[in-house]
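**Student:** With the sequence up front, the predicted model follows.
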Amino acid sequence: MAGQMPTSGEYTNSLGMRFARIEAGAFQMGHDGSPLPDGITDQPYLAHGDHDERPVHAVTISNPFYMGVRQVTNAEFEQFDPSHRTERGKMEFSKDDDEAVLFVDWHDAVGFCEWLSDKENLPYRLPTEAEWEYACRAGTISTFWTGDHLPEEFHKNQRECWYPEPGRANADADIVQVHVGKTPPNPWGLMDMHGNVEEWCSDWYGPYESGDQTDPVGCETGRFKIARGGSHSTELPYLRSANRAGTVPEDKNWVIGIRVVIGDAPSAEPTPAPPLELNARDVLQYIPSELMWSPDMEKPYFNEPKEYVKIPDGPMGPMFSQHNHDPAIAPCPNGDLLAIWYSCVRERGRELNLLASRLRLGQDEWDGASVFWDVPDRNNHAPALFFDGETTMYQFVGLSVAATWGNLATVLRTSTDSGATWSDARMIVPEHGIRHMPIPSVFRTRDGTIVLPCDAVTGGEGGTALWLSDDDGESWRDAGGNIAGIHAGVTQLRDGRLLAYGRGDDIDGMMPKSVSGDMGKTWEWSASQFQPVGGGQRPVLLRLQEGPLFFASFADNMLITDASGTERAVSGLFGAISRDEGRSWTSMRLISDDGDPRELPAMDGHLFTLSRSSAEPRGYMATCQAQDGVIHLISSQQHYAFNLKWLETPAPPLA
């Protein structure tokens, strides 16, 4: 039986935790899209708040509750979980008894509340998102409860942060103390409601609904749990009263902590799950017999380039027309193609998320873009896809603590219904840091090991790491070595060795070639025959079903021999074939329809000329081979489809 609820304005429990009584009332939840006050941000996409803060809606909180005056401290949490003392000082954060507890996931927060409930005989729980914003605003309607500007005493390293990336982090600024109760209380007596650390809420993240609401409890299901209040080491707009953030419930990091409330949980019904995104709708689970066409693999096949990134101009979240880049592609068991990529204004920003498009079997055009994976206010960097050739698709992505790709954990989801639904996200590399940024060059070795390449650094030099799984993705280990060059394409040779080509770390002015005889523990580096690539470019390497190796990259004034036997120079995206395990590369030709010159869009709307002598000049490439043998290659904007016979057929002469 529950104990007697307190009735006074303040309450202190047996742990010494202080609570303020929050009376019932009503408020306007969210931000209406009006311009933020000067000085809060210089970023256009943040100038009117975030897209998910709308529509503003009236919320009634019908019952009083008690909210912790301060965030939960190490000393308080460790009475519930003494083992957490081993997390004290992790990454140099939160060492003292009176600092906010960090490195706790949503389940830890719920467990602490349940323990308190049993100990105190009172209904402890996490606040709902609506309760949190109501209590934070404390009757105000301004950007912060302090007004339209946040005083300096609330500021702790309020900028984009690369910590712990050694090449870009600044430990003197990035490692801050998170002692609780050091800022003035709001009008209702609550401290640290803007910054210090984020605070887990009970709700699943979902879109706001319009209309008046009473005691809302969020979405009935979801992928991410809400975290409110903002933290140290992020830009100021993310500390606003209306700002919404969240992450997967299992995430533990140095910016999220806990604040608890006392009061019976609201009894309102949760809002229904939002409608399926376009990429997940009406996904066939079989291949209709009338669509079982495939080109004759004995004849050259090249299909004209098609745009797969289709976003109207102007949206400011969750889709962005400004910058769409870094794609991955995979065939689906039902014959569709699925492409995913990141969409943002700034690659290092917290707005970066993943979009998707589907080329449905039998269709000539890709679907319009739709949201695929959008952890709110976390940089979702570097997607990868892999189809095992049977039933299972794997999706990988890096999950940032906040902004930038300097502190990624690696997340995996799987699908067995051609991408119509996906499993809950699993943090397969849960520690945030470097060496965790996926590259869409995933493959399975002959002994069944799944190989996931990941950039080992955040810049253009320093190499690529390999993560390996021997149990179909259940557990992963870092192979330990470094491929020369970032964004590496990797495959296995017939003798069991691994072969890779990367960007940067050039050798003798050429793209580096890396070979490993011990599954990535060590590598031997040498100069390849290929020109190096740079910013906005990524090569690919793939073992084809027919046996040869396929490689695609970029070149300037590269000599090819056309069908007339004439040697001539070409520039742009090219493909090459090796039938001797990468010792030599032949059949080099532009990835072009070999037609009259015409302009096509490339990354960020830039135009390029496609002709017999020129092809796309830059883009992050991703490739796969479908069940019917067609090779699919996507850049940051275009989709190319062709077969091995076409690659091995010399390009036509100019005349």
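**Tutor:** Right, received. Where do you want to start?

**Student:** tell me which element residue 560 falls in.
**Tutor:** Using DSSP states H and E, residue 560 sits in strand 549-561.

**Student:** could you point out which element follows that strand?
**Tutor:** strand 567-578.

**Student:** and the direction of that following strand versus that of strand 549-561, what angle?
**Tutor:** Interaxial angle, strand 567-578 versus strand 549-561 (axes from the mean of the first three to the mean of the last three CA atoms, to 10 degrees): 160 degrees.

**Student:** Show me which residues of strand 567-578 are buried.
**Tutor:** 568, 570-578 (16 or more other CB atoms under 10 Å). (Each C-beta comes from the backbone N, C-alpha and C, glycine too.)

**Student:** And stretch 323-337, by the same measure?
**Tutor:** Applying 16+ other CB under 10 Å to stretch 323-337 flags 323-337 as buried.

**Student:** Return the member of the buried residues of strand 567-578 nearest to residue 471.
**Tutor:** Taking CB to CB as the measure, residue 471 lies nearest residue 578 of those, at 31.3 Å.

**Student:** Quick one: residues contacting the residue nearest to residue 173 when sequence neighbours are not counted.
**Tutor:** Computed as CB to CB, 6 or more residues apart in numbering, the closest residue to residue 173 that is not its neighbour in sequence is residue 157, at 5.5 Å. Counting by CB atoms under 8 Å, 6 or more residues apart in numbering, residue 157 touches 173-174, 176, 232-233.

**Student:** What subset of those is buried?
**Tutor:** Buried among those by 16+ other CB under 10 Å: 174, 176, 232-233.

**Student:** What is the most widely separated pair among the residues you listed?
**Tutor:** Farthest pair in these (CB to CB) is 174 and 232. Separation: 8.7 Å.

**Student:** Please list the outside residues in contact with the helix of greatest length in the chain.
**Tutor:** If you go by DSSP state H, the chain has its longest helix at helix 106-120. With contacts defined as CB under 8 Å, 6+ apart, helix 106-120 is touched by 3, 13-15, 72, 77, 80-81, 104, 122-126, 200, 225, 249-252, 258, 260.

**Student:** One more: stretch 231-239?
**Tutor:** 36, 40-41, 43, 46, 49, 144, 150, 154-161, 163, 174, 176, 178, 194-198, 229-230, 243, 245, 255-256, 350, 377, 402-403.

**Student:** if you look at those residues, which of them are in helices?
**Tutor:** Of the contacts of stretch 231-239, the ones assigned to helices by DSSP H are residue 174.

**Student:** Now that we have the contacts of stretch 231-239, which of them are buried?
**Tutor:** 36, 40-41, 46, 49, 144, 150, 154, 156-158, 160-161, 163, 174, 176, 178, 194-198, 229-230, 243, 245, 255-256, 350, 377, 402-403.

**Student:** Give me the distance between the residue most central in space within the chain and residue 233.
**Tutor:** Of all residues in the chain, the one closest to the mean position by CA atoms, centre = their mean is residue 380, 1.9 Å from it. Counting by CB to CB, to the nearest Å, the gap from residue 380 to residue 233 is 18 Å.

**Student:** now residue 260
**Tutor:** 24 Å.

**Student:** Then residue 312?
**Tutor:** For residue 312, the distance to residue 233 - CB to CB - is 34 Å.

**Student:** What segments of the stretch 501-650 of the chain are helices?
**Tutor:** Taking DSSP state H, counting those that start in this stretch to define them, one finds helices in the stretch 501-650 of the chain at 644-647.

**Student:** What is the burial count for the closest residue to residue 517 other than its chain neighbours?
**Tutor:** The shortest distance from residue 517 to any non-neighbouring residue, by CB to CB, 6+ apart, is to residue 497 (5.0 Å). Applying other CB atoms under 10 Å, we find 15 residues neighbouring residue 497.

**Student:** Please tell me how far residue 497 sits from residue 519.
**Tutor:** Distance from residue 497 to residue 519, by CB to CB: 9 Å.

**Student:** what residues do those two have in common as contacts?
**Tutor:** By CB under 8 Å, 6+ apart, residue 497 and residue 519 have no common neighbours.

**Student:** domains of the chain?
**Tutor:** What automatic domain parsing lists as the domains of the chain is 10-262, 308-438.

**Student:** Need the winner for burial among those.
**Tutor:** Most buried of the domains of the chain, by mean neighbour count (mean count of other CB atoms under 10 Å): domain 308-438, with a mean of 21.

**Student:** and the end-to-end length of stretch 295-312?
**Tutor:** 33 Å (CA to CA, to the nearest Å).

**Student:** Equivalent analysis for stretch 60-74, please.
**Tutor:** Termini of stretch 60-74 sit 33 Å apart (CA to CA).

**Student:** what does stretch 51-62 rub up against?
**Tutor:** Contacts of stretch 51-62 (CB under 8 Å, 6+ apart): 22, 24-33, 130-131, 134, 207-216, 242-244, 266, 316-318, 376.

**Student:** So which of those belong to strands?
**Tutor:** 22, 25-29, 213-214 (DSSP state E).

**Student:** Tell me the one of these nearest residue 440?
**Tutor:** Nearest to residue 440 among these: residue 29, at 39.1 Å, using CB to CB.

**Student:** how near is residue 157 to residue 93?
**Tutor:** 12 Å.

**Student:** Flag the helix or strand of the protein with the lowest per-element mean pLDDT.
**Tutor:** Within the chain, no helix or strand scores below helix 171-174, which has a mean of 90 by mean pLDDT, DSSP states H and E.

**Student:** Please identify which helix or strand holds the nearest residue to residue 372 once chain neighbours are set aside.
**Tutor:** Residue nearest to residue 372 in three dimensions, not counting chain neighbours: residue 356, with 3.6 Å by CB to CB, 6+ apart. Per DSSP H and E, residue 356 falls inside strand 353-359.

**Student:** Can you list the strands that that strand pairs with?
**Tutor:** Here strand 353-359 is paired, per DSSP bridges, with strand 337-344 (antiparallel), strand 370-373 (antiparallel).

**Student:** a markdown table please, covering these and showing mean pLDDT and distance to residue 299.
**Tutor:** Listed next are these as a markdown table, based on pLDDT from 0 to 100; distance: least, CB to CB, whole Å:
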| stretch | mean pLDDT | distance to residue 299 |
| --- | --- | --- |
| strand 337-344 | 98 | 22 |
| strand 370-373 | 98 | 35 |
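
**Student:** nearest to residue 284, of these?
**Tutor:** Taking these one by one with CB to CB, strand 337-344 is closest: 12.8 Å.

**Student:** could you dump the closest one to PDB, C-alpha only?
**Tutor:** Only the C-alpha atoms of strand 337-344 are listed here, as PDB (Å, rounded to 0.1, in the frame of the first residue of the first chain):
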ATOM      1  CA  LEU A 337      16.300  -1.900 -53.500                       C
ATOM      2  CA  LEU A 338      16.600   0.100 -50.300                       C
ATOM      3  CA  ALA A 339      18.900   3.200 -50.000                       C
ATOM      4  CA  ILE A 340      19.600   5.100 -46.900                       C
ATOM      5  CA  TRP A 341      21.700   8.300 -46.300                       C
ATOM      6  CA  TYR A 342      22.100  11.200 -43.900                       C
ATOM      7  CA  SER A 343      20.300  14.500 -44.300                       C
ATOM      8  CA  CYS A 344      21.300  17.700 -42.500                       C
END
